[in-house]
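Colleague: When you get a sec, could you give me coordinates for this:
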Amino acid sequence: MAGKAHKGLVIVESPAKAKKIGGYLGRDYVVMASMGHIRDLPESASDIPVELKKEAWSNLGVNVDQSFEPLYIVPKEKRKLVKELKDALKNSDELILATDEDREGESIGWHLSQVLEPKVPVSRMTFSEITKEAIQHAIRTPRKLDENLVSAQETRRVVDRLYGYRLSPLLWKKVAPKLSAGRVQSVAVRVLVLRELERLAFRKGSYWDLKATLANTTGASFDATLQSIAGQRVAAGRDFDEHTGKLKPDADVRLLDEASAKELLSRLQGQPWTVSNVESRLQTRKPYAPFTTSTLQQEANRKLNMTARETMQVAQRLYEDGLITYMRTDSVSLSNEAITAARRCVKDRYGNEYLHPEVRQYSTKTKNAQEAHEAIRPAGTEMKTAEEQGLSGREAALYGMIWKRTVATQMAEAQLRFQTVTITVDDAEFRATGRHVEFPGFFRAYVEGVDDPEAALDDQEAALPPLSEQERLLAQAVDAIGHETKPPARYTEATLVRTLEAEGIGRPSTYATIIGTIQDRGYAVKQGNQLVPTFTALAVTRLLEKHFPNLVDLGFTAKMEQQLDDIANGETERLPYLQQFYVGDGGLDNQVKSNEERIDPREACTLILDGLTPKIRVGKFGPYLETEQNGEQVTASLPRDIAPADVTNELAEDLIKKKQAGPQSLGMDPDSGLPIYLLTGPFGPYLQLGEVKEGEAKPKRVSIPKNRDASTVTLEDALAYISLPRTVGTHPETGKVIKAGVGMYGPYVLHEKTYKSLGKEDDVLTVGLDRAVELLSQAKKKVEVAPLKDLGVHPEDGAPVAVYEGRYGAYVKHKKTNATIPKDREATSVTLEEALGWLAERAAKGTKKGRGGATKKSVKKTTKKVAKKRAT
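Modeller: Here you go, the predicted structure:
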C-alpha cells in the first residue's frame, strides 16, 4: 500500500462485513477483516513461550500471582494477518475499530489496538445494522473504546479459563477423559439433571372421568367433560402428588376408578341433559415484544425446529448481508425509524383497522440486560418481506419470522371471546369450554409458538355452538375415559434457554455454544427435541454438588453474572473480584486442592438412584448395572439409548438375567455349520453366527429390530435375519434391485443408493415390493446443497473448495474430503489458505499406513502454492 495515505483503516471481524461496509464508505477508507480475535489465551502447551513454560501458572494462561494478568498469544495462523493489518495501518492516518457492538466486539477492538500499536488516532465505530445510512452515520459519530466493557470481558474470560482449567482435569481423573467443566455449562447440565431426577422420583397416578358428545336443538355437536358429582369436584391430574402417585392430602375431590366411572355412566343413561349456566368473557391479547437473542433461539426451535447454534449461524449471515439488525442483544426496544417503517407496513398491507392507534414500545425486563441497544428486526426502513429480499430455505424462514414479529408489534390487539357452559345431568355436572376470535388483530401477522405440544395456539378457533340456559341437549355419546398423570417434561433447547435467561445465568449470546458443548461432551443427547442428560452428566453433577456446591448453584452463578455486569458498568473493580473467586480459603484453587485427594473415583462413578435396587456405574465402555447376588458382584450393560429416569427394577432384573444366562443358542446354521446365538449388548438384542475367536475375523452379527420381541425369535427367524440383506424385488420404474436389511439405524429398504427406514409396523423379513416402493418414494431425494461460501479452487487439481453447513456445524469440502471448521471461527470469514490447511490435516488423519496421502510436508507445499498464486 505504498503511496498516498488513506483517510482511515476500518477493521471489522469478517470479510463479508468488510465487503459490505467498504461499499458504503467509498475510496477514502480501507476496510479489512480481523477474522475474529487476533490473539487469545494459549490453546495448548506448545503456544506458551519457552521462557514462561517453567512458571507454575503457565498452563492456565493466567498469571494468578501478578494481578491475574492474562497471557495473550497471537496464534501462528494469525501472524500473517497481523502483518497485513500493520502494513495497511502505516499508510493510514486513522484507525477505526468497527467490530461488533457487544462486549466481545469491544474486546476484539481493544486487542487490535494493543497488537497493532497505532501511531495515529484510534476511534470506535458502532452500528446495529449494516445499511448505508447506519454505516455513514456511525463513521460520522465515533467514540472511544469502553475500558469498562473491555475489563468486564477480560474478567469473564479469565474466570471461565480458571474454572475450566482447574476443574476439567479433576473430572478427567475422577470420572472420564475428555470431559469439561464450565461456569455456565456445568449449571446448564445440572438443570437438565435435576429435571431427570424429578422424572425418576415421579410416581404416576390414575383417575377416570366421563366425556360426553352433546348436540343442541339445531343439531350442532360439541364435547363436555365431567366436573363434579353431588357438588364435589372430580379428581384431575393437578390433584395428585407426583412423588407418591396418590391424591394430595388437602385435595377435597372425588376420585373415580374404572369401576365407579362405568357405574356412573350406566346411572346417567336415559337421564335428561340440561344447560344450567352459560358464561362468556372477552379477553385482549397484546402483541409479543420483538425478538432478543434468547427469544429468537426459543421461537426458532419451536417453530422451525432449528437448534440454537443453527439459529445463530443463519442470523449471522442475515446480519452480515445487511438484512437484519445485530443478532446478539438483550434489548426489546425499537428505533423510531423501525417503528415508523413497521407502522407504514401495517397500514399498507393490512389496513388502518389493524394499526394500533398509538406507537407501541417495549422495555427490557431480563436480568442484567446488556449487549446491543435494539431488538432484532429487519434492517433499514423498507420492511421488505423474505420473498422481496429474494431469500429461500432457512434464511427465508428465520427472516420471515423476524419480519412478522416486528410488524406485529405495531398492530392492534387481538380480541378473543371465551365461553364456559355448565351442563347438568342427574347429580353430575359437565363443563364445555370454547373460544372465538372476535378480531384477529396482530394474529394476522404473528402467533407465538408453545412449548407444550398439547396446548392450543392463541389464534386457534374452538367456538361452542349457540347455547342458552335451560336448553335441553341430546347425548350422542358418553364414554368413560382413563387417565394417567405425566412426569415433568424434559427440557428442549427452547425451554432450557428460557430457564437460563430467567435465572440470570450466562449471556444469551453464549447459549448456542453452551448447548452445543454439553452435547459434544456427552452430557446430553437429543431424543426428538428433548435434551436427555446422560449417566455421565449425573455422575459429574453429583460430584460437583458434593464437593463444589457453590459452583453449580443457580443463585451463586447468577450472582457471579451480576458482579461481572457491575464491572462492565464501572461499579466494581476487576482485581478484588478475581482474588475472591480464586484465592483464599474459599477460593477455587484451594477448593480443588483440598478436594482432589478426598474424591474417590469409584464413588464418583457410582450412581445410587431413588427406587432402583442395583447401582449404576459409569464405565469406560458406557454405563452398566452392578448388584450383589449370592455374595458375588453381578454386572450388565445398560442400553446406550436409555435415559436415566427410564431405568426400572424390572428392566434391570431382565438385563442382569440375560447377562447371567449368557449367549442363548438357537440352533445350527445348515450352510456354515456354526451355531446362531442370541445375545444382548449396549444397543439391544442381536444375533451372532459362531463364536468370537482370537486372531480370527469377527463373526457376523445382526441387530434384532426394536419392533420385534427378541424372546419370540426362532431358529427359522434367526436364519432369515442372519441372511439379510434380502432381495425384495425389482423397482418397476428402474428395473434395479430393491433390498431389505438391518443397519446401524435399524431396518431399511435400499434402491440404488437411496435408503429408507421401515415403519414401526413393517417387518424386514416380510416387507413386500409394493410397500418398499411406497417407502422409497417418501425418501428424501439427494439435492445439491448450495455452499455458504465458495473459496476458490484447489491449487493441486483445480477442484472447487467451499464452505458448507452440516448437521454438526460448518465445514469445508474438497471433492470427498470434509474438514470441520473450528467453533471459534465464523464460517463465512474462512479463507482458502485456512481451508487447505484443515483439509490437508483431515486427509492426513484419515490416511492409513501404506496408503500415502497428505503429510505435513504436503500441507506446507499446498499453502505455499496458494500464497504464490495470490501474490501473482
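
Colleague: quick one: contacts for Glu129?
Modeller: 319, 322, 324-326, 379-380 (C-beta atoms under 8 Å, 6 or more residues apart in numbering). (C-beta placed from N, C-alpha, C; glycine too.)

Colleague: Show me the two of those residues that sit farthest apart.
Modeller: For the contacts of Glu129, with distances taken as C-beta to C-beta, the pair at the greatest spread is Tyr326 and Gly380 (13.7 Å).

Colleague: neighbour count winner among these two?
Modeller: Neighbour count, other C-beta atoms under 10 Å: between Tyr326 and Gly380, Tyr326 has more, with 26 against 20.

Colleague: count of residues packed around Tyr721?
Modeller: By other C-beta under 10 Å, the residues close to Tyr721 number 23.

Colleague: show me the residues around it that make contact.
Modeller: Residues in contact with Tyr721 (C-beta under 8 Å, 6+ apart) are 687, 702, 704, 713, 742, 765.

Colleague: Which of those fall in strands?
Modeller: 687, 702, 742 (DSSP state E).

Colleague: can you give me the strands for the stretch 101-250 of the chain?
Modeller: Assigned by DSSP state E, counting those that start in this stretch, the strands in the stretch 101-250 of the chain fall at 122-124, 206-215, 221-229, 232-233.

Colleague: no no, the stretch 551-700 of the chain
Modeller: For the stretch 551-700 of the chain, the strands defined by DSSP E, counting those that start in this stretch cover 606-607, 615-619, 622-629, 632-637, 664-668, 675-681, 684-689.

Colleague: Select, out of those strands, the one closest to Glu299.
Modeller: Glu299 sits nearest to strand 622-629 of all the strands of the stretch 551-700 of the chain, at 34.9 Å, using C-beta to C-beta.

Colleague: now that closest one against strand 615-619, angle please.
Modeller: 140 degrees (axes from the mean of the first three to the mean of the last three C-alpha atoms, to 10 degrees).

Colleague: who does strand 622-629 pair up with?
Modeller: Looking at strand 622-629 with DSSP bridges, its partner strands are strand 615-619 (antiparallel), strand 632-637 (antiparallel).

Colleague: quick one: the residue lying closest to Ala230 once chain neighbours are set aside and Ala251, what's the gap?
Modeller: Counting by C-beta to C-beta, 6 or more residues apart in numbering, Asp427 is the residue found nearest to Ala230 once chain neighbours are left out, at 4.7 Å. Remark: distance between Asp427 and Ala251 (C-beta to C-beta, to the nearest Å) = 20 Å.

Colleague: now swap in Val767 and tell me
Modeller: Val767 is 51 Å from Ala251, by C-beta to C-beta.

Colleague: what about the two, which has more around it?
Modeller: Taking neighbours as other C-beta under 10 Å, Val767 and Ala251 compare with Val767 leading, 21 against 16.

Colleague: and the longest helix along the chain, how far from the chain's centre?
Modeller: What stands out as the longest helix in the chain, according to DSSP state H, is helix 147-174. When distances are taken as C-alpha atoms, centre = their mean, to the nearest Å, helix 147-174 is centred 23 Å away from the chain's centroid.

Colleague: mind starting the numbering at 888 from now?
Modeller: Sounds good: first residue 888 from here, last item helix 1034-1061.

Colleague: Now it: buried residues?
Modeller: By 16 or more other C-beta atoms under 10 Å, the buried positions in helix 1034-1061 come out as 1035-1054, 1057-1058, 1061.

Colleague: ok, Leu1383 to Gln1185 distance?
Modeller: Using C-beta to C-beta, we find Leu1383 at a distance of 9 Å from Gln1185.

Colleague: next one: Thr1194
Modeller: For Thr1194, the distance to Gln1185 - C-beta to C-beta - is 12 Å.

Colleague: likewise Gln1520?
Modeller: Using C-beta to C-beta, Gln1520 is found at 46 Å from Gln1185.

Colleague: next one: Thr1112
Modeller: When Thr1112 is compared with Gln1185 (using C-beta to C-beta), they lie 31 Å apart.

Colleague: same question, Gln1466
Modeller: Gln1466 sits 37 Å away from Gln1185, going by C-beta to C-beta.
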